[in-house]
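>>> I would like the atomic coordinates for the input below:
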Amino acid sequence: SNMDFDDVVLLPLFSELLLTAGNNYQNGVEMQRQIDALTGGLTVQAIVEEIVDAASDGSYVVPTGQNMVTKMIVRSSCLASSGCVPMFNMIKQVVFDADVQKQAKVIEILKKMIDDMEDNVQ
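Below you'll find the model as predicted:
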């Protein structure tokens, strides 16, 4: 992965931001309404997989946690009978046109994530 190890913890924030921040054309609420109207839903999920090396004798080497593959998975669905072009346009807007520079939205998402973590601890 080309991502720094320290930045991996930001992937869930980035995934959420892609879906809720909106873009240059519409805010997050309008974009979510359009996603609901045109698709069977749309999700963005970060996946981090650790790379486990094998030794010369075939045994596994204990990973250091520094070697990994990071992936952003985008899932959606559409009806072929009505055409899937609107769904692909929405995916383009979410992945490539998202306004990820919205500091207020980032703070809102972080507060929600912290609340969720605190709920899990209690």
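>>> what residue is smack in the middle of this structure?
Central residue of the chain (CA atoms, centre = their mean): residue 15, 2.5 Å from the mean position.
>>> residues contacting residue 113?
For residue 113, the contact set (CB atoms under 8 Å, 6 or more residues apart in numbering) comprises 12, 13, 16. Glycine gets a C-beta too; all of them are placed from N, C-alpha and C.
>>> How many residues are close by the second one?
Yep, that's residue 13 we're talking about. For residue 13, the neighbour count with other CB atoms under 10 Å is 15.
>>> The helix or strand encompassing residue 116: which residues count as buried?
Using DSSP states H and E, residue 116 sits in helix 103-121. Of the residues in helix 103-121, 105, 106, 109 count as buried by neighbour count, 16 or more other CB atoms under 10 Å.
>>> Turn those residues into CSV, including distance to residue 55.
Shown next, in CSV, are the buried residues of helix 103-121 (distance: CB to CB, whole Å):
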residue, distance to residue 55
105, 46
106, 43
109, 42
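>>> Tell me the secondary structure at residue 83.
Recorded secondary structure, residue 83: coil (DSSP: H, G, I helix; E, B strand; the rest coil).
>>> looking only at pLDDT, what's the mean for stretch 70-79?
Averaging pLDDT along stretch 70-79 gives 91.
>>> now stretch 107-115
On average, stretch 107-115 scores 90.
>>> Against residue 102, how distant is the residue of the chain most remote from its centre?
Most distant from the centre of the chain: residue 57, at 38.0 Å, with distances by CA atoms, centre = their mean. According to CB to CB, to the nearest Å, residue 57 stands 52 Å off from residue 102.
>>> for the protein, what spans make up the helices?
Listed in chain order, the helices found in the chain under DSSP state H are 11-20, 28-38, 85-96, 103-121.
>>> can the ones you listed go into TSV with extra columns for distance to residue 53?
Formatted as TSV, these follow (distance: least, CB to CB, whole Å):
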stretch	distance to residue 53
helix 11-20	23
helix 28-38	40
helix 85-96	32
helix 103-121	32
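>>> circling back: contacts only, for the residue farthest from the centre of the chain.
Contacts of residue 57 (CB under 8 Å, 6+ apart): none.
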